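Asker: Provided below for reference: sequence and predicted model.
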Amino acid sequence: MLIPIFKIMCLAEYNFDFTSVLFVFVHLCRYVHSPTYGQAQRAFEAAQAIHDLNGVASVLMYHPYHLDSLITMSDYFKFVAEHQMAADAVAKCLYALECAWNPMFTPLQGNCQLKFSHETNKPLFKALFTHMINMDRRGCHRSALEVCKLLLSLDSEDPMGALFCIDYFAVRAGEYSWLEQFSEDYKSDNSLWLFPNFSYSLSICRFYLEREQTSQDAHKDNTKATSADLMKQALMLHPSVLKKLVAKVPLKDQAWTKILAHSYFHSDETKIPSLDHLINIYVERSYIIWRLPDLQKLLRDTAKLVIETLEHNRSEAKDWACVREEAFSSEKNEYAHLLVQDFSDAVSSLPPDNLQNFVVDARMGEAMHNAIHAGNPHDVGQAPPPRDVANRNPLAVLFESMLPWVNYGDGGDGIAADEDYQINGHFQENQED
């Protein structure tokens, strides 16, 4: 039996449509646009259709919490290295999304899901993923881990690939025992240890847990595989990871030259599209962990042990190859929707996909740049503006100036900066930390 769908008017410009599916004990939810928000969405799509980034910024002048516009501007600010502005846009986006939550939507209890297949739900996933990466860049690894958990719980199909970075955040946050327990409890078509990120990260977790254990604790856990055993298993299952790590970290010890010369570690590809893609994501996301000397020693010693094992029993290589082919049997890349650069800390020199087709007249940016530096006669004797525009990207300043929460200092011109930015008169802007 299904409880009928009912709409609840929310504080933001859009509301929540809530459906409760009793027989599976999971509440399936989705965002529903109000008529006012629908107008903003159509304006955004019109600007997007003619590749007008200026039009996207204009939408925010009248609809400060329009989600797709905020996400687009966040991507743009990140591209021009305005990271604080990018983070501010995502924070505004998340605030608006949370204000629209139904009181019965309790995602932290694990009984609510939003399917990514609903177009109106996608901004929440995109904003959470971007916020998670921002938290990691700021060194807030535990916060990033919690956001990653939330992403994974919202849709069991994991559309954003949270499963392929949750191990990295757990290791960086020191949550070694939690990751081991998670890998045992998580329900999946494949055992998590078959994925390259988990196969290596579980070895790292066991390595640090062995360090923390007392001799008595170690005796109690003697039934568990050691870090060396887990690392050997990872190298046998995914040998192509080694060559990529050596190049990415980079590892310059002469011992690696000899190790990579062995036929088992000589290639950096498996010729299995899905697996190669996941390996690229793992190396891009987690290579920094392998800069620690202790982990390098574990990796190097275990690689030598693998070579010795193969010299005595060459059939093991074929056995592990069969495991790989069975676990990743698809002939196409099942994870092509996950972009490697989205898991990277590096800022791309090329604009992201949702920006590369936008065309902005450079003369507009130059005009805005000149106008800003021309000054305002009413500003004489006033305090310096809150935001400095000197030596900054002119286009970034242009679009930043169009965002309603940005204040360059209005002085005494009689136009007071509105710090509330109320939407429909219902809620006020959340104060940042």
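Answerer: Now that the structure is in, tell me what you want to look at. Residues are numbered from 1 along each chain as shown.

Asker: now the strands: where do they sit in the stretch 101-250 of the chain?
Answerer: 112-114 (DSSP state E, counting those that start in this stretch).

Asker: where does pLDDT dip in it?
Answerer: 188-190, 214-222 (pLDDT under 70).

Asker: for it, which segments count as helices?
Answerer: Remark: helices assigned in the stretch 101-250 of the chain by DSSP state H, counting those that start in this stretch are 122-137, 141-154, 166-173, 176-185, 196-212, 215-220, 227-237, 240-248.

Asker: next, format those helices as JSON lines and append distance to residue 276 and mean neighbour count.
Answerer: Heads up, the C-betas are built off the backbone N, CA and C, glycines and all. Converted to JSON lines, the helices of the stretch 101-250 of the chain look like this (distance: least, Cβ to Cβ, whole Å; neighbours: other Cβ atoms under 10 Å):
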{"stretch": "helix 122-137", "distance to residue 276": "22", "mean neighbour count": "21"}
{"stretch": "helix 141-154", "distance to residue 276": "23", "mean neighbour count": "20"}
{"stretch": "helix 166-173", "distance to residue 276": "19", "mean neighbour count": "24"}
{"stretch": "helix 176-185", "distance to residue 276": "22", "mean neighbour count": "16"}
{"stretch": "helix 196-212", "distance to residue 276": "10", "mean neighbour count": "22"}
{"stretch": "helix 215-220", "distance to residue 276": "37", "mean neighbour count": "10"}
{"stretch": "helix 227-237", "distance to residue 276": "14", "mean neighbour count": "21"}
{"stretch": "helix 240-248", "distance to residue 276": "8", "mean neighbour count": "21"}
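
Asker: got TSV for the ones you listed, with distance to residue 338 too?
Answerer: Shown next, in TSV, are the helices of the stretch 101-250 of the chain (distance: least, Cβ to Cβ, whole Å):
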stretch	distance to residue 338
helix 122-137	10
helix 141-154	13
helix 166-173	13
helix 176-185	20
helix 196-212	12
helix 215-220	38
helix 227-237	20
helix 240-248	17
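
Asker: to residue 110, which of those helices lies closest?
Answerer: Closest to residue 110 of the helices of the stretch 101-250 of the chain, according to Cβ to Cβ: helix 141-154, at 5.7 Å.

Asker: name the surrounding residues that touch that closest one.
Answerer: 107-108, 110, 112-114, 124-125, 128-129, 131-133, 135-136, 158, 160, 162-163, 165-166, 169-170, 172-173, 175 (Cβ atoms under 8 Å, 6 or more residues apart in numbering).

Asker: nearest residue to residue 267 in space, ignoring adjacent ones along the chain?
Answerer: Once flanking residues are discounted, residue 267 sits nearest to residue 240: 5.9 Å by Cβ to Cβ, 6 or more residues apart in numbering.

Asker: grab the nearest non-local neighbour of residue 320.
Answerer: With Cβ to Cβ, 6+ apart as the criterion, residue 320 has its nearest non-adjacent residue at 4.6 Å, and that residue is residue 236.

Asker: hang on, the one you found packs against residue 313?
Answerer: No: if you go by Cβ atoms under 8 Å, residue 236 and residue 313 don't touch, sitting 11.2 Å apart.

Asker: on that earlier part again, among the helices of the stretch 101-250 of the chain, which comes closest to residue 94?
Answerer: For those, proximity to residue 94 was assessed by Cβ to Cβ; helix 122-137 is nearest, at 5.2 Å.

Asker: and the closest one, what does it pack onto?
Answerer: In terms of contacts (3 or more Cβ pairs under 8 Å, 6 or more residues apart in numbering; DSSP states H and E), helix 122-137 is packed against helix 67-79, helix 83-99, helix 141-154, helix 166-173.

Asker: as TSV, the ones you listed with distance to residue 342 would be great.
Answerer: Rendered in TSV, the data for the helices and strands packed on helix 122-137 read as follows (distance: least, Cβ to Cβ, whole Å):
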stretch	distance to residue 342
helix 67-79	11
helix 83-99	14
helix 141-154	13
helix 166-173	13
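
Asker: now the lengthiest helix in the chain, how far from the chain's geometric center?
Answerer: Taking DSSP state H as the criterion, the chain has its longest helix at helix 293-312. Here helix 293-312 is found 32 Å from its chain centre; the criterion is Cα atoms, centre = their mean, to the nearest Å.

Asker: packing partners for the helix or strand following that helix?
Answerer: Moving toward the C-terminus from helix 293-312, the next helix or strand (DSSP states H and E) is helix 315-327. In terms of contacts (3+ Cβ pairs under 8 Å, 6+ apart), helix 315-327 is packed against helix 227-237, helix 293-312.

Asker: could I get the CA-only coordinates of stretch 246-259 as CSV?
Answerer: Provided in CSV are the C-alpha atoms of stretch 246-259 (Å, rounded to 0.1, in the frame of the first residue of the first chain):
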residue,chain,number,x,y,z
VAL,A,246,55.3,5.1,-8.9
ALA,A,247,54.8,7.7,-11.6
LYS,A,248,52.2,9.8,-9.7
VAL,A,249,53.6,10.0,-6.2
PRO,A,250,56.4,9.8,-7.5
LEU,A,251,58.6,7.0,-6.1
LYS,A,252,62.2,7.5,-7.1
ASP,A,253,64.0,4.7,-5.2
GLN,A,254,66.1,2.6,-7.5
ALA,A,255,64.4,-0.5,-6.2
TRP,A,256,61.2,0.5,-8.1
THR,A,257,63.0,0.3,-11.4
LYS,A,258,63.8,-3.3,-10.8
ILE,A,259,60.3,-4.1,-9.5
